[in-house]
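> Below is the structure, and that's it, no one-letter string:
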């Protein structure tokens, strides 16, 4: 984790592991909703791994708590994203191509998967949104830390682009945009979506955890 003012923030977007009997942990697929896990899950933050998508805010909160952490508040998340200089993007006030995973791709991944699977077009934004193939297409989701320029002096990476990140808001808010969009609902660190409830999930939703600094031994 990294220190942001008086709060510890996960350096990388989270992955999820199952908590199985006898203290056995097994990595959950980042391409499938952990809602289907038979066992409780907890969050881990690691470099060089595909972060967990297809997760609801409710499940993300459960995963953070199982690791002795919590979802970040809006103020905590924003401070980590903006950095000490308070910029629009983690690295500055002007969007720079290639700094974060927010370059988009030719052809929306949901439309691509819908076409490949022959799903009805009128159901694209329903059945298509949950398909595990979406984030396995080229130029979509990247491994944590793949864009080392997407940070600031605090050191948290990928807070803009890659995946939307749930924050601690029971009414449902995620921040930062994802690989196809960091502009529609606000630029960079200003990006916020409140269009869904806390139980919502799709291929674009991910998370990271926070912890009060005085809780760390």
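Done, it's in. Source: prediction; values computed, not measured. Numbers count the residues shown, from 1 in each chain.
> The lengthiest strand in the chain pairs with which strands, and in what direction?
Under DSSP state E, the strand in the chain containing the largest number of residues is strand 14-20. Strands adjacent to strand 14-20 in the sheet, as given by DSSP bridges, are strand 24-27 (antiparallel), strand 41-45 (antiparallel).
> low-confidence ranges in this protein?
By pLDDT under 70, the low-scoring segments of the chain are 215-217.
> and for the longest strand of the chain, what are the contacting residues?
Outside strand 14-20, the residues that touch it by C-beta atoms under 8 Å, 6 or more residues apart in numbering are 25-28, 30, 34, 37-46, 49-52, 55, 60, 63-64, 66, 206-209. (Each C-beta comes from the backbone N, C-alpha and C, glycine too.)
> Determine how far it lies from the middle of the whole chain.
Put simply, strand 14-20 sits 15 Å off its chain's centre (C-alpha atoms, centre = their mean, to the nearest Å).
> can you check stretch 152-162 too?
11 Å.
> Any idea how far apart the tips of it sit?
16 Å (C-alpha to C-alpha, to the nearest Å).
> going forward can the numbers begin at 881, since that is how I track them
Got it, first residue is 881 now, which makes that one stretch 1032-1042.
> Can you list the buried residues in that stretch?
Buried residues in stretch 1032-1042, counted by 16 or more other C-beta atoms under 10 Å: 1032, 1034, 1036, 1037, 1038, 1039, 1040, 1041, 1042.
> count of residues packed around residue 1066?
15 (other C-beta atoms under 10 Å).
> Grab the nearest non-local neighbour of it.
residue 1072 (5.8 Å; C-beta to C-beta, 6 or more residues apart in numbering).
> Let me know how buried that neighbour is, in neighbour terms.
For residue 1072, using other C-beta under 10 Å, the count is 19.
> can you pull out the strands in the chain?
Under DSSP E, the chain gives strands at 882-884, 887-889, 894-900, 904-907, 921-925, 950-951, 1044-1046, 1054-1055, 1072-1073, 1085-1087, 1089-1092.
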